[in-house]
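[1] Next input, structure requested:
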Amino acid sequence: MQKPQILWRNQTPSRSSLKLGWKQLNRNAKVALIMFSLVYLGFSIYNSLERQSAYSLVLYIVSMSSLTITILHINGFPKDQLVSLMQVLKTENGTLWIGDYQLPDTVRKVVIGRMDIHGPAYLQLAWNQGHQWIFQLDELQQVRHFFRQHAPQIEIVNE
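    Next up, the predicted model:
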């Protein structure tokens, strides 16, 4: 059963999110990212030549590419498209609802935190690689308070 999401971060970064991530980096961050990548590439070439292993060079290049893509993807996340979680959180007859999704009675733990220091925030069910709802950072305390008030039996893990 697929549960509805308020906004789900795509698992595969799109080309447009990477472009947007690059555009949103300030000049110093761009220079730092390029310099770090070049230093890491130099280190990986030196290390792979020292070990005489092409496999380690490929591993270093793939890891650096993945890190760069992740940084750009996170920075290119469309924060202006976030929906208010407080508008869709509700209780009916002692049951918690997030939008059209009813939280099962078996939920004993939720993870509430922020993606990075500037947001956005997220609510994740802490089971079975739980489902995740992404919301505006300024609602973080309100969401925690909602769960403490309406579902004291659910443990809140703060991240």
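[2] Looking at the record's assignment, how would you partition the protein?
    Using automatic domain parsing, the domain parsing of the chain gives 15-77, 80-158.
[3] Mind putting those domains into JSON lines with mean neighbour count and mean pLDDT?
    Glycine gets a C-beta too; all of them are placed from N, C-alpha and C. Formatted as JSON lines, the domains of the chain follow (neighbours: other Cβ atoms under 10 Å; pLDDT from 0 to 100):
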{"stretch": "domain 15-77", "mean neighbour count": "13", "mean pLDDT": "84"}
{"stretch": "domain 80-158", "mean neighbour count": "15", "mean pLDDT": "84"}
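[4] Tell me the secondary structure of I134, please.
    Secondary structure for I134, judged by DSSP: H, G, I helix; E, B strand; the rest coil, is strand.
[5] Run through the bridge partners of it.
    Y122 (DSSP bridges).
[6] didn't it look like it was pressed against Y122?
    Yes. Look at I134 against Y122 with Cβ atoms under 8 Å: they come within range, at 5.0 Å.
[7] what touches both of these two?
    M115 (Cβ atoms under 8 Å, 6 or more residues apart in numbering).
[8] the helices in the chain, which residues?
    Counting by DSSP state H, residue ranges of the helices within the chain are 15-24, 27-51, 54-75, 140-150.
[9] How about residues contacting the longest one?
    Under the contact criterion Cβ under 8 Å, 6+ apart, helix 27-51 has outside partners W22, L25, A54, S56, L57, Y60, I61, M64, T68, I71.
[10] before we move on, back to that, with respect to Y101, which of the helices of the chain lies nearest?
    helix 140-150 (14.9 Å; Cβ to Cβ).
[11] I'd like to know which elements that closest one is packed against.
    strand 89-92, strand 109-114, strand 121-125, strand 155-158 (3 or more Cβ pairs under 8 Å, 6 or more residues apart in numbering; DSSP states H and E).
[12] Residues in contact with it: which ones?
    Applying Cβ under 8 Å, 6+ apart, the external contacts of helix 140-150 come out as 85-86, 89, 91, 96, 110, 112, 114, 121, 123, 135, 154, 156, 158.
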